[in-house]
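Novice: Need the 3D shape of this:
(2 chains)
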Amino acid sequence: MNSFFSQYGSEIATLTLEHLWLTASAMLFAAVIAIPAGIWLTRSPRWANPILTLANILQTIPSLAMFGFLLPLPWLGDRAARIAILALTAYALLPILRNTYAGIRNIDPSVIEVAKALGLTNMQRLFKVELPLAASFILAGLRTATVTCVGIATIAAAVGAGGLGELIFRGVASVDNRLVLAGAIPAALLALAADAALGLLERHYRTPRQQPG
Amino acid sequence: MPPAIEFREVFFTTPQGRVLLDKISLALEEGTTTAILGRSGSGKTTLMRTVNRMVEYTGGDVLIQGKTNRDADLIALRRGMGYVIQETGLFPHFTIERNVGLVPEIQGRPKLERQTHSRELLTAVGLTPETFASRYPHQLSGGQRQRVGLARAMAADPPILLMDEPFGALDPLTRAEMQDMLRTLLQRLRKTVLLVTHDLDEALYLAHRIVLLGDGKLIANLTPQEFLSSSQPEIRSYIQAFHRGERDPAGSNPQGVQP
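Specialist: Numbering: from 1, shown residues only, chains lettered A, B, ... in the order given. As a prediction, this is how the structure comes out:
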């Protein structure tokens, strides 16, 4: 066991960092796209259905196929990490988009009405009322997306993008369960850690509400 | 001096072509309270909402201090009017103090001034600031929330208050307390108030003028005394419907009429 760690320890660390980097970049891109898009959908609700359906369809493409589709594209195909980040971003869009939209739409309409009637500008309404009240919803979306992406990122190794999937694929090819576990356990731990951290944030931003009864 | 609010042949139809306000003309003198009565769907709330353009009327004109609100800056227009609704619409993530001080906050007034002012307003609506300032809306009773809603509406000291069924969801005792509080407050502050209500007694108790709407049309605009003594059939039937329970408690037969 010790010899296994002395042989693979630094590689596991490097690949974990790589995995983290792939996921974090994808989450950043996805959040930058999906949160504003979700806000925009609440302003133009007639687009909500078509856009959410599109994001839904993206979500249903099998991840291995998605990586395969992107491989022959110019510029993207040059660096496997680019493909991985793009694909992971696509998977992360739906939960964030859907939760941003639903979080804002679920705010008590009387609160929005009063915010307008008191003379809050659109931006004041968004930043002082809508986003704080939808924050726990949006964070729940980020949480789902992050956990999904940590898992899917293991498959990015199939196109040579690195990450913990590399150990798993190598382990499968060489029928070495230790290598499979060396990839799978850190990936699972990453997912659990992200889930716990975002879960804490989500609870922190939950709006105080009247207890029923 | 021009009226504080004047409706000139205000007309509103929905995109589907339903007429909700049919050429309503009405003037509200400064410092008076006007109650709008009428059955559900008569256009009461819609008329009130044309004043701060939460509803964009399709014809006629609404004048505020003699100036049309049609091309007024929407934000400035709305900040110049308090707005109180039955559901209160308090911001659940803000403390009571911040709820009350929100309009001064977005106007960029200094924090200390806001805090002092919020506390004064809480006292004015009958809430002890020491107890309530740091609480959240969900920790308050319905009546207390409504008091906060009123304090918030008055935070920027607007000359006009728009109130839509403010006490409609409260129990009769709390409602009576709120009406007393509002009456005392309005006698002191002399705001121009447009009060939409279902409650005839509330209208008689609080208002200088009573306006009755029916199917989007103005049926009457009278003082409370004139309203009570009017022989106009629509008014008689409104009053009778409202006081039916008092004449005939729980289906008893006080007149002794034989069945």
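Novice: ok, which stretches of the chain are helices?
Specialist: By default, I'm working from chain A. Using DSSP state H, the helices of chain A run over A:2-43, A:48-60, A:63-70, A:80-105, A:109-117, A:122-124, A:131-152, A:165-173, A:177-204.
Novice: was after chain B, sorry
Specialist: Using DSSP H, helices in chain B cover B:44-51, B:74-79, B:96-100, B:102-106, B:111-124, B:129-132, B:142-153, B:172-189, B:200-206, B:224-229, B:233-247.
Novice: dump the residue contacts of the closest residue to residue A:180 other than its chain neighbours.
Specialist: The shortest distance from residue A:180 to any non-neighbouring residue, by C-beta to C-beta, 6 or more residues apart in numbering or on different chains, is to residue A:171 (3.5 Å). Quick note: C-beta positions are derived from backbone N, CA and C, even for glycine. Residue A:171 is in contact with A:177, A:178, A:179, A:180, A:181, A:182, A:183, counting by C-beta atoms under 8 Å, 6 or more residues apart in numbering or on different chains.
Novice: Need the pLDDT of residue B:215.
Specialist: Confidence at residue B:215, expressed as pLDDT, is 91.
Novice: ok, the closest residue to it other than its chain neighbours - contacts?
Specialist: Nearest non-adjacent residue to residue B:215, counting by C-beta to C-beta, 6+ apart: residue B:42, 6.4 Å away. Residues near residue B:42 by C-beta under 8 Å, 6+ apart: B:213, B:214, B:215, B:216.
Novice: Filter the residues you listed down to the buried ones, PyMOL style.
Specialist: To isolate the buried ones among those in PyMOL, judged by 16 or more other C-beta atoms under 10 Å in any protein chain shown, type:
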select buried, chain B and resi 213+214+216
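Novice: Out of the contacts of residue B:42, which sit inside strands?
Specialist: B:213, B:214 (DSSP state E).
Novice: Distance check, residue B:175 against residue B:165.
Specialist: As judged by C-beta to C-beta, to the nearest Å, residue B:175 and residue B:165 stand 11 Å apart.
Novice: er, residue B:29 actually
Specialist: With distances taken as C-beta to C-beta, residue B:29 is found 23 Å from residue B:165.
Novice: the more surrounded of the two?
Specialist: Taking residue B:29 and residue B:165 together and counting by other C-beta atoms under 10 Å in any protein chain shown, residue B:165 has the greater number of neighbours (18 against 15).
Novice: tell me, what residue is most central in chain A?
Specialist: Taking C-alpha atoms, centre = their mean, the centroid of chain A lies closest to residue A:145, which sits 2.9 Å from it.
Novice: isn't it right up against residue A:91?
Specialist: Yes: here residue A:145 reaches residue A:91: they are 7.4 Å apart, a contact under C-beta atoms under 8 Å.
Novice: quick one: contacts for residue 110?
Specialist: In the absence of a named chain, chain A is used. B:85, B:87, B:88, B:89.
Novice: since we're on the first one, how many residues are nearby?
Specialist: In this case it means residue B:85. Neighbour tally, residue B:85, other C-beta under 10 Å: 22.
Novice: so who does it touch?
Specialist: Residue B:85 neighbours (C-beta under 8 Å, 6+ apart): A:110, A:113, A:114, B:149, B:163, B:164, B:165, B:166.
Novice: Ok, the last one next?
Specialist: Going by C-beta under 8 Å, 6+ apart, residue B:89 touches A:108, A:110, A:111, A:112, A:113, A:114, A:115, B:149.
Novice: Reformat the helices of chain A as CSV; add mean pLDDT.
Specialist: CSV is the format used below for the helices of chain A (pLDDT from 0 to 100):
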stretch, mean pLDDT
helix A:2-43, 92
helix A:48-60, 90
helix A:63-70, 85
helix A:80-105, 93
helix A:109-117, 95
helix A:122-124, 94
helix A:131-152, 94
helix A:165-173, 92
helix A:177-204, 93
